[in-house]
Structure formats: C-alpha cells, structure tokens
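Novice: pasting the sequence and the predicted model now:
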Amino acid sequence: LIEAGADVTFSSVQTKYGSACPMGSILSTYMRGKNDEKHRYIDLLVEHGAYIPPVATPPIFAIHRGDAKQLGELIAQEPGLVHQRFRDLPYGNMLLRGATLLHCAVDFGEQECIAELLKRGADINAPAEIIDGIGGQTPIFHAIATNQGNNSSTLEYLVQQHGKAIDLSISATWQRPGEVQAVPMTPLEYVVYASREEEPPWKRATAKEVALLRELASRE
C-alpha cells in the first residue's frame, strides 16, 4: 500500500472505534510474543513519515520499538522518567492509568526494556494510581494473560530474575477491555481468576502462569 502511494502521515481521524491513525493501529494491535514483527512494522511506518500519536511519548515509543538503548538514553537525560506516572496509556491488556514505564514494558513483554528500567531504579512493586476506584496494579499483574502466544515468557522472566523483590501481597482492581473488576485481588488470586475456563482464550492465563505464581508464593 505504501509503495502504491498510501499516505501514513495524516494525524488521527475519528472512527466508530474512536480516534485512529496508522501508527496507532500498530501500537494497539495484539501482537504479544511477536515483538520482532511489531518492531519492523513500526520502523516501516517511521521510515515513511507516519504520524505518531501524542500519547506515544518518546519513552513509551521506545518501549513499543523494543529500543532499550534509546530508553536508557532518555532516562539518563531525565532520571525522573523512571518513576513518572502516566495518566492514560491506552495501548495495553489492562488500561494503564496512572502507571509507570515499567508497567508498560511488562505489559508488552519487552524484556530488554524491563531490564533497562530496573537497572535504572524502577520499582517492581509500584502500584498504578487508583482512579475512579480502579487501580493499584503492580507490574506483575500486566505479565499475566497478556497474549504472549501462550509462552508466559515475561512472567517467567520476572519470577526467575526478580522473584525475591516481587511483593505478592499487594491487592488491586482493574479494567480490562469490556470488563471492570472492582473486587481487589492479589497477583496469585488474579492469575487463578484469569485462568477460568469461561475466560476467552485471548484473556485466559495458562496453567504455567498459575504454577509460576504459586511457586513464587511458596517461597515467601
């Protein structure tokens, strides 16, 4: 389409699904477990001058591109970014409201960015802000059932590499697409909830994810 002259430079337009543009469509596509392909799509659009939605600020955009080096350079220039709260980050499995860059990196399974953020002082137990009664999720909530091709890789990475630092006692409520859960749950309670048979496959936590959280809880 681009070779045939399709324009990717226009700013967001209103559709029946809300504001949309080519780059926004890529950022909001469910591609967990296929990050290499996602990065190539983003690079292609950037190469052709695509409009970047304002919500995709430079550090957020670096995470979407899997560019840990650029992310680290941005934090070096502005160290406060690692603790900054972002009011509304719509591209995620659970709406990231009042969350940190680490929440975003975990949600999208960008492990090199996760490592860079933790190296630079990100709090692995930082709770998202409670807005309109919903929130308090720590990053590990976003590693559960996030459409990663059923490989549980990000959750396994967090448990194996940073398990000693993860606080499983923190309870949170959340909003997922089409659902608001106002009953507080711990990460272990959430992974069991998300593994129910009635959950659609794209939301369902795997048996491996449940086992990882139970094994981590047994260490405490």
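Specialist: Looks like it arrived, so ask away. Numbers count the residues shown, from 1 in each chain.
Novice: use CA for all of it now, contacts and neighbours both
Specialist: OK.
Novice: so what's the residue nearest to Asp88 when sequence neighbours are not counted scoring on pLDDT?
Specialist: Setting aside the residues directly before and after it, Asp88 is nearest to Arg97 in space (C-alpha to C-alpha, 6 or more residues apart in numbering), at 4.6 Å. Note on Arg97: pLDDT of 85.
Novice: next up, the contacts around Arg97.
Specialist: Residues in contact with Arg97 (C-alpha atoms under 8 Å, 6 or more residues apart in numbering) are 86-90, 128-129, 131, 135.
Novice: please repeat the previous calculation with a cut-off of 10 Å.
Specialist: Residues in contact with Arg97 (C-alpha atoms under 10 Å, 6 or more residues apart in numbering) are 85-90, 103, 128-131, 134-137, 174-175.
Novice: narrow these to those in helices?
Specialist: Among the contacts of Arg97, the members falling in helices (DSSP state H) are His103.
Novice: residues contacting the helix or strand where Lys38 lies, please?
Specialist: Here Lys38 sits within helix 35-47, counting by DSSP states H and E. With contacts defined as C-alpha under 10 Å, 6+ apart, helix 35-47 is touched by 2, 8-9, 22-24, 26-27, 29-32, 49-52, 61, 63-67, 108-110, 148.
Novice: which of those count as buried?
Specialist: Listed as buried from those are 8-9, 22-24, 26-27, 30-32, 50-52, 61, 63-67, 108-110, 148; burial here means 16 or more other C-alpha atoms under 10 Å.
Novice: list the contacts for the spatially most central residue of the chain?
Specialist: Nearest to the geometric centre of the chain sits Asp107, at 2.2 Å (C-alpha atoms, centre = their mean). By C-alpha under 10 Å, 6+ apart, the contact list for Asp107 reads 32, 91-94, 96, 101, 139-148, 154-155.
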